[in-house]
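Trainee: turn this into a structure:
(one chain, ligands or ions: 3)
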Amino acid sequence: MSDVSRTADAIDDVRGRIRRAVETVRDTTPMAQSFTNFVTINLVANAQLAAGGTAAMSFLPDDVIDTAAMSGADYVNVGTLLPFYKDALPKIARAFRKSGHKWVLDPVAAGIGATRTEILRAFRAAPPTVVRGNASEIIALASMWGLFSPDAATRPAGVESVDEVDSSVGPAKLLARFLAASAPQGEAAVAVSGAVDLVTDGHAVYRLPGGSAMMSKITGAGCSLGGVTATYLAVADPLTAALAATALYNRAGEAAEAVSHGPGSFQVAFLDALWNTTADEVAASEILID
Ligand SMILES: Nc1ncnc2c1ncn2[C@@H]1O[C@H](COP(=O)(O)OP(=O)(O)O)[C@@H](O)[C@H]1O
Ligand SMILES: Cc1ncsc1CCOP(=O)(O)O
Ligand SMILES: [Mg+2]
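Mentor: Residues are numbered from 1 along each chain as shown. Ligands and ions are numbered 1, 2, ... in the order given. Next up, the predicted model:
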């Protein structure tokens, strides 16, 4: 078989898995619990509902750990931190590891602040199944876990990326391999968002163009993408979950841009589009494999 037909077969297989993940979420309404920031918590829950899942938000370790037993996967986002999170989050991560519970980490603003760095460093010993972030966050996390040495020009960012998605390919692959080697199921994924999104399982690199620049004019497009990735992770393998959520976001962003007039109406239209975009439309998304 030629390389071209092998790649075509691989893409067909990926498209089938994406379609099934989107349909299974809509058919089975899985719960994905979140421990997330105060800024965008409402959009995360609404996006999970619009994608077809259900949401549950909590910050208390005993509550999160008990609810995880009923949750297909969890979402942890370190965007806004409180002092007690320094103990709570590593405790929660260790409990997830012990029970083999799948979870998505969004390392918002990785590299900023001693408390955030301490929490993110602690996750190295009890790692997530999927990391989803912008390019700067992925580079910073891979660097603080000692998987990669950034050049002197790399600097910590706030919640917005200061790096191009392409500059995160190496760190994203190293991070995904580390996660897979630590995962009870032996599989993991890293998703990097931007104008052209990138998803990797540590071996293949998938690029997904599309979406809308308006997604960076509302707060929480990235956070809610992480929450919806957890919704798909409840029913699918990590790579499929990351690809399905990323592709759904790109199609929904385009649909919302076409009917909205600014950030306010864009957010409303975007939730409608998460609900209305079909599994076939998500699966037919342009996907380029390296
Ligand atoms: N310029 C852009 N063009 C198209 N889509 C974009 C653009 N910027 C961000 N997005 C989309 O917005 C969502 C959030 O990505 P991003 O803004 O990188 O996350 P974060 O908010 O965590 O920094 C993703 O679905 C991404 O594809
Ligand atoms: C503005 C802000 N500040 C702390 S968390 C947060 C939300 C970030 O959301 P996103 O990463 O989805 O843009
Ligand atoms: Mg973000």
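Trainee: give me the element the residue in the chain that ligand 1 sits nearest to is part of.
Mentor: Each residue of the chain has a distance to ligand 1, by C-beta to the nearest ligand atom, and the smallest belongs to residue 222, at 2.1 Å. Yep, even glycine has a C-beta here, placed from its N, CA and C like the rest. Taking DSSP states H and E as the definition, one finds residue 222 inside helix 221-233.
Trainee: how about the CA coordinates for that helix, as CSV?
Mentor: Included here for helix 221-233 are C-alpha records, laid out as CSV according to Å, rounded to 0.1, in the frame of the first residue of the first chain:
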residue,chain,number,x,y,z
ALA,A,221,-13.4,30.1,24.1
GLY,A,222,-10.3,28.2,25.2
CYS,A,223,-11.7,27.2,28.7
SER,A,224,-15.0,25.9,27.3
LEU,A,225,-13.0,24.0,24.5
GLY,A,226,-11.3,22.3,27.4
GLY,A,227,-14.6,21.5,29.1
VAL,A,228,-16.1,20.1,25.9
THR,A,229,-12.9,18.0,25.3
ALA,A,230,-13.6,16.4,28.7
THR,A,231,-17.2,15.8,27.6
TYR,A,232,-15.9,13.9,24.6
LEU,A,233,-13.2,12.2,26.7
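Trainee: name the nearest residue to residue 130, sequence neighbours excluded.
Mentor: Of all residues not flanking residue 130 in the chain, residue 104 sits nearest, at 4.4 Å (C-beta to C-beta, 6 or more residues apart in numbering).
Trainee: ok so the one you found is a helix residue?
Mentor: No: the assignment for residue 104 is strand, going by DSSP: H, G, I helix; E, B strand; the rest coil, so no helix is present there.
Trainee: what about it, how many neighbours?
Mentor: The number of residues packed near residue 104 is 31, by other C-beta atoms under 10 Å.
Trainee: for it, name its beta-bridge partners.
Mentor: For residue 104, the beta-bridge partners under DSSP bridges are residue 75, residue 130.
Trainee: coming back round to it: I'd like the distance between the residue of the chain closest to ligand 1 and ligand 3.
Mentor: Residue 222 sits 3 Å away from ligand 3, going by C-beta to the ion, to the nearest Å.
Trainee: could I get the pLDDT score of that residue?
Mentor: Residue 222 carries a pLDDT value of 98.
Trainee: touching, it and residue 109? I think so.
Mentor: No: proximity of residue 222 to residue 109 does not meet the contact threshold set by C-beta atoms under 8 Å, at 11.1 Å.
Trainee: so for these two, which residues contact both of them?
Mentor: Overlap of the contact sets of residue 222 and residue 109 (by C-beta atoms under 8 Å, 6 or more residues apart in numbering) consists of residue 159.
Trainee: CA atoms of stretch 36-48 as PDB?
Mentor: Provided in PDB are the C-alpha atoms of stretch 36-48 (Å, rounded to 0.1, in the frame of the first residue of the first chain):
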ATOM      1  CA  THR A  36     -12.400  25.700  36.700                       C
ATOM      2  CA  ASN A  37     -11.900  29.400  36.900                       C
ATOM      3  CA  PHE A  38     -14.500  32.000  38.100                       C
ATOM      4  CA  VAL A  39     -14.300  34.100  34.900                       C
ATOM      5  CA  THR A  40     -15.700  31.500  32.400                       C
ATOM      6  CA  ILE A  41     -17.300  28.800  34.500                       C
ATOM      7  CA  ASN A  42     -20.800  29.600  33.100                       C
ATOM      8  CA  LEU A  43     -19.600  29.400  29.500                       C
ATOM      9  CA  VAL A  44     -17.900  26.100  30.200                       C
ATOM     10  CA  ALA A  45     -21.100  24.500  31.600                       C
ATOM     11  CA  ASN A  46     -23.200  26.000  28.800                       C
ATOM     12  CA  ALA A  47     -20.800  24.700  26.100                       C
ATOM     13  CA  GLN A  48     -20.800  21.200  27.600                       C
END
